[in-house]
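Engineer: below: sequence and its predicted model.
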Amino acid sequence: MSDHVIEPRTGSLAFGGQPVNLRVLQDLVLDANGAFYNLVLTYLVASAGLTPVYDTKNYPEFMKGVAGVFPGKETVDARADLAECVKLAREGTIPQRQAEISLCCMLANSAYESISEANKDRLRGNPVFEFLRHTRNAASHGNAWYFSPSQPSAHAEWNKIVIDESQKGDLNSLPSRAYFYGTLQPADLLY
């Protein structure tokens, strides 16, 4: 097991520097004490669950007879017939790619929002952090790049993607593209 943290070519954000202990991709290792460990692990587990949901050949009876129970505090517990949910997904109510995009958007939002305001203030202007902020905004705007009239306000860059801060709002060419399965793929989000 490696004890290094993978960094994108143009840099990455470091929050911990603790030893790593879970290899999830060929060269991506999760740090159990890292800021996003639980979020990324949850994303990976949920993504793994897409295989039996959509693979009718190998999992024809997936979740048959299983109810999901979601505890309520101010309401009664909610019960969901998970086999019916799987049936709806398999019928195309939510295609697999859309489910994958939704999981990416949830991870991007959760990761950004899990950073404390003090750390956000400290990281403002960092090109990788600014890229994460725009990732979160795209995730919150239906998987589409989004810039308010005064955005982008700072240079943002990750890997080979550069967001030009001189192109504000609608003048920026990125909003015409999808974010996940457009500009980025799910693996990019993990890095």
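Structural biologist: Alright, I've got the coordinates.

Engineer: which stretches of the chain form strands?
Structural biologist: Under the criterion DSSP state E, strands of the chain are mapped to 22-23, 29-30, 67-70, 78-81, 156-158, 161-163.

Engineer: out of these, which is closest to residue 97?
Structural biologist: Taking C-beta to C-beta, strand 161-163 is the member of the strands of the chain nearest to residue 97, at 21.0 Å. For the C-beta atoms, the positions are set from N, CA and C on the backbone; glycine is no exception.

Engineer: where in this protein is pLDDT low?
Structural biologist: Filtered on pLDDT under 70, the chain yields the residue ranges 1-27.

Engineer: re the thing from before, need the strands of the chain in TSV (columns: distance to residue 108 and mean neighbour count).
Structural biologist: Formatted as TSV, the entries for these read as follows, by distance: least, C-beta to C-beta, whole Å; neighbours: other C-beta atoms under 10 Å:
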stretch	distance to residue 108	mean neighbour count
strand 22-23	20	14
strand 29-30	17	20
strand 67-70	23	10
strand 78-81	25	12
strand 156-158	12	22
strand 161-163	14	16
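
Engineer: so which of those is nearest residue 50?
Structural biologist: strand 67-70 (15.8 Å).

Engineer: contact partners of that closest one?
Structural biologist: For strand 67-70, contacts defined as C-beta atoms under 8 Å, 6 or more residues apart in numbering pick out 77, 78, 79, 80, 81, 82, 85.

Engineer: let's see it at 7 Å
Structural biologist: When contacts are defined by C-beta atoms under 7 Å, 6 or more residues apart in numbering, strand 67-70 is touched by residues 77, 78, 79, 80, 81, 82.
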